[in-house]
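Peer 1: below: sequence and its predicted model.
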Amino acid sequence: MGMIVKICGLSTPETLGAALAAGADMVGFVHFPKSPRHVPLAAAAALAGGVAGRARKVLLTVDAGDDLLAAAIAAFEPDILQLHGHEPPARVAALRAKFGRPVMKAIGLASAADVAGIADYEAVADLLLFDALPADVTALPGGNGRAFDWALLRGRRFAKPWLIGGGLTAETVGEAIRATGASGVDVSSGVESARGVKDIGKIASFIAAARAAEKLGSLAESG
Ligand SMILES: O=C(O)c1ccccc1NCC(=O)[C@H](O)[C@H](O)COP(=O)(O)O
């Protein structure tokens, strides 16, 4: 499988189109009213109408209840549920079983203890997303443009596909891939011109930089 490139927090047809045209593998839609990237369900469904077959649609929620998730899945029909709150491993397993959709669990990393906790999620999630922890309790749980210490993942490999996110940009994504050996990358803030406002040029540059790093990695592996 090639490097997974995910663009998160899309909310307009133009920027979604730019992500698809540049070859994003996953496009993420945030359904969390506190977020500047929040998209109501009907709007998200209309926006993502042409995505099928071009990329995987990811629905991001934060500690959502079953009723909200059921409504969101019915309206939006995501390919993947991204759980970006404090959902414990048992909740991840239960939601996966109940809704029958692949689950990507976001895990904030700041210490070796956080890395040790990954194993519990590795057993129950389909994909893992490593992100920075928020700066304080008032911050959003993700989408803050904040990087974590990639050295925490040095030499680590996981049984499930794993993406890194948190503060990536076109300038840093190549080094992030090289330093961690991640199977994918995820970005939101780093492809914005202002908080919550996606930038078409930055989206294209980010995806091109990720693909260039992927190619370099393949060349290095082959000899
Ligand atoms: O984007 C948001 O507003 C958001 C709100 C609540 C939880 C997560 C959120 N975003 C997560 C992401 O966009 C990505 O999965 C990832 O964390 C990258 O974020 P960034 O550091 O902004 O590139």
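Peer 2: All right, it came through fine. Residues are numbered from 1 along each chain as shown.
Peer 1: now the closest residue to the ligand within the chain: which helix or strand?
Peer 2: For the chain and the ligand, the shortest gap (Cβ to the nearest ligand atom) falls at residue 143, measuring 2.3 Å. For the C-beta atoms, the positions are set from N, CA and C on the backbone; glycine is no exception. Per DSSP states H and E, residue 143 falls between elements, in no helix or strand.
Peer 1: which residues in the protein form helices?
Peer 2: For the chain, the helices defined by DSSP state H cover 13-21, 41-47, 66-76, 89-99, 112-116, 118-122, 173-180, 200-222.
Peer 1: buried stuff in stretch 96-104?
Peer 2: Residues of stretch 96-104 classed as buried by neighbour count (16 or more other Cβ atoms under 10 Å): 96, 99, 101-104.
Peer 1: tell me the one among those residues nearest to residue 57.
Peer 2: Closest approach between these and residue 57, by Cβ to Cβ: residue 101, at 10.5 Å.
Peer 1: excluding its backbone neighbours, what's nearest the closest one?
Peer 2: residue 81 (5.2 Å; Cβ to Cβ, 6 or more residues apart in numbering).
Peer 1: residue 104 is in contact with the one you found, correct?
Peer 2: Yes: between residue 81 and residue 104 there is a contact at 7.1 Å, judged by Cβ atoms under 8 Å.
Peer 1: shared neighbours of those two, anything?
Peer 2: residue 58 (Cβ atoms under 8 Å, 6 or more residues apart in numbering).
Peer 1: residue 104 pairs with what?
Peer 2: Beta-bridge pairing for residue 104 (DSSP bridges): residue 82, residue 127.
Peer 1: quick one, what contacts it?
Peer 2: Counted by Cβ under 8 Å, 6+ apart, residue 104 has contacts 58, 80-83, 125-129, 163.
Peer 1: residue 204 now?
Peer 2: Applying Cβ under 8 Å, 6+ apart, the residues contacting residue 204 are 18, 21-22.
Peer 1: hang on, the earlier thing: quick one: pLDDT of the residue nearest to residue 101?
Peer 2: pLDDT, residue 81: 98.
Peer 1: just to revisit the earlier point, mean pLDDT for the helices of the chain: which is lowest?
Peer 2: It's helix 200-222: among those, that one has the lowest mean pLDDT, namely a mean of 92.
Peer 1: many thanks, I have nothing further to ask.
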